[in-house]
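Asks: I need the structure of the sequence given here:
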Amino acid sequence: MAEIEFYGADWCGDCRRSKSLLNTLGVEYDMFDVEQSKENADRAQAISGRTNIPVIKFADGVHLVEPSDAVLHAELKIRGLVA
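Replies: Numbers count the residues shown, from 1 in each chain. Below you'll find the model as predicted:
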């Protein structure tokens, strides 16, 4: 199980941007497609209290919704997932 749960969809521009950053930095994450599964969509909404995606949940329970690259990168650094 990865340190990060990523809830998103292929059509979502913010999701593609955040996934691209994670992939570029070599950060592992578990992808949960909210379009493919109502359970995934319900879980994302339960985490964030919103229907916006992506929802990025860290192992410590902290989550981000539609983060900018700068915010996501800062959170990765705080958790020691990137240098």
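Asks: now the strands for the protein?
Replies: Assigned by DSSP state E, the chain shows strands spanning 4-8, 30-33, 55-58, 63-65.
Asks: for those strands, give me a markdown table that also has distance to residue 24 and mean pLDDT.
Replies: No exception for glycine: its C-beta is placed from N, CA and C like everyone else's. Below are these laid out as a markdown table (distance: least, C-beta to C-beta, whole Å; pLDDT from 0 to 100):
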| stretch | distance to residue 24 | mean pLDDT |
| --- | --- | --- |
| strand 4-8 | 14 | 98 |
| strand 30-33 | 16 | 98 |
| strand 55-58 | 15 | 98 |
| strand 63-65 | 17 | 98 |
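Asks: deepest of the ones you listed, which one?
Replies: Mean neighbour count (mean count of other C-beta atoms under 10 Å) peaks for strand 55-58 among the strands of the chain, with a mean of 24.
Asks: who are the packing partners of that strand?
Replies: strand 4-8, helix 38-48, strand 63-65 (3 or more C-beta pairs under 8 Å, 6 or more residues apart in numbering; DSSP states H and E).
Asks: name the strands paired with it and say parallel or antiparallel.
Replies: Paired neighbours of strand 55-58 in the sheet (DSSP bridges): strand 4-8 (antiparallel), strand 63-65 (antiparallel).
Asks: right, and those strands - which one's nearest residue 39?
Replies: strand 4-8 (10.8 Å; C-beta to C-beta).
Asks: so what touches that closest one?
Replies: Residues outside strand 4-8 that contact it (C-beta atoms under 8 Å, 6 or more residues apart in numbering) are 14-15, 18-19, 22, 27-34, 40-41, 43-44, 47, 53-59, 81.
Asks: what's the burial count for the closest residue to residue 30 other than its chain neighbours?
Replies: Spatially, and ignoring its direct neighbours in sequence, residue 30 is nearest to residue 2 (4.7 Å; C-beta to C-beta, 6 or more residues apart in numbering). Number of residues near residue 2 (other C-beta atoms under 10 Å) recorded here: 13.
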